[in-house]
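Participant: Next one to model:
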Amino acid sequence: MLTIHLLATAAAQSTFEVGQDPMFPTIQSALQEASDGDVIRIHAGMGGDQGAYTETLLVQGLEVILEGVGGPTIQAESSFNGFLHVTGGGDVTVSGITFEGQGSHRLARISGGATLTLTDSTVRDTSNGDTGGGSVLVSSGALIVEGTTFSSSRVYNSERRGGMIATEGPSTLEVHGSIFTDGRSEHGDGGAI
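Facilitator: Next up, the predicted model:
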């Protein structure tokens, strides 16, 4: 009897640089080239006129790390889903990035069984009036928050809750060592969560 063993080899992890040579011009362009396990390093002071990146990011079914280098800032573009929509079973880890909602946008929507992990980041001045979750709406997915600061976030619709984070459907939320300040649900419950 002859037995043949096939060894599976994992694809090599790639690192993509945004705002640094060799460079991708936008975070989304790096995401479009990324594969599972890749790292996208986002450099501070390289995006737009103000040094902040202004993008709306979509991650579908991809396992990727968005890593801030030097404390980059991402400012909101107009989008129902926020800066970042993670869906289709995607698994995104964000570390060392500041998100500024400019008073009118949320950070993220998580849906379709996806997971978002926020570590050592800052989320400020976010809001939403269409659904709950002024900063993050977890709609059939998971959110893990570690060492992250949320400030100045609100939900302003009369029936919505979760000034900073809201969950709906089969969702999971874990929070470790994080700070929540000035969260408001103007007509509902849960200024923070």
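
Participant: dump the residue contacts of Ala52.
Facilitator: Applying Cβ atoms under 8 Å, 6 or more residues apart in numbering, we find Ala52 in contact with 72-75, 100. (Each C-beta comes from the backbone N, C-alpha and C, glycine too.)

Participant: What strand or helix carries the nearest residue to Gly163 once chain neighbours are set aside?
Facilitator: Leaving aside its sequence neighbours, Gly163 sits nearest to Gly183 (Cβ to Cβ, 6 or more residues apart in numbering; 3.6 Å). In this assignment (DSSP states H and E), Gly183 forms part of strand 179-185.

Participant: try Ala30
Facilitator: Going by DSSP H and E, Ala30 is part of helix 27-33.

Participant: Name the next helix or strand downstream of that helix, please.
Facilitator: strand 38-43.

Participant: What residues sit buried inside that next one?
Facilitator: Neighbour counts over strand 38-43 (16 or more other Cβ atoms under 10 Å) mark 38-43 as buried.

Participant: contacting residues for the closest residue to Asp182 other than its chain neighbours?
Facilitator: Excluding the flanking residues, the one nearest Asp182 by Cβ to Cβ, 6+ apart is Ser152, at 4.8 Å. Contacts for Ser152 were tallied using Cβ under 8 Å, 6+ apart; they are 124-126, 181-182.

Participant: now Ser152, what's its secondary structure?
Facilitator: Of the three states, Ser152 takes strand according to DSSP: H, G, I helix; E, B strand; the rest coil.

Participant: Then Thr93?
Facilitator: What three-state DSSP gives for Thr93 is strand.

Participant: so it makes contact with Val59?
Facilitator: No: using Cβ atoms under 8 Å, Thr93 is not in contact with Val59, being 10.9 Å away.

Participant: between these two, who's got more neighbours?
Facilitator: Remark: of Thr93 and Val59, Val59 carries more neighbours, 23 against 17, as counted by other Cβ atoms under 10 Å.

Participant: Return the distance of the more buried one relative to Ile179.
Facilitator: As defined by Cβ to Cβ, to the nearest Å, Val59 lies at a distance of 26 Å from Ile179.

Participant: For beta bridges, what are the partners of Val69?
Facilitator: His43 (DSSP bridges).
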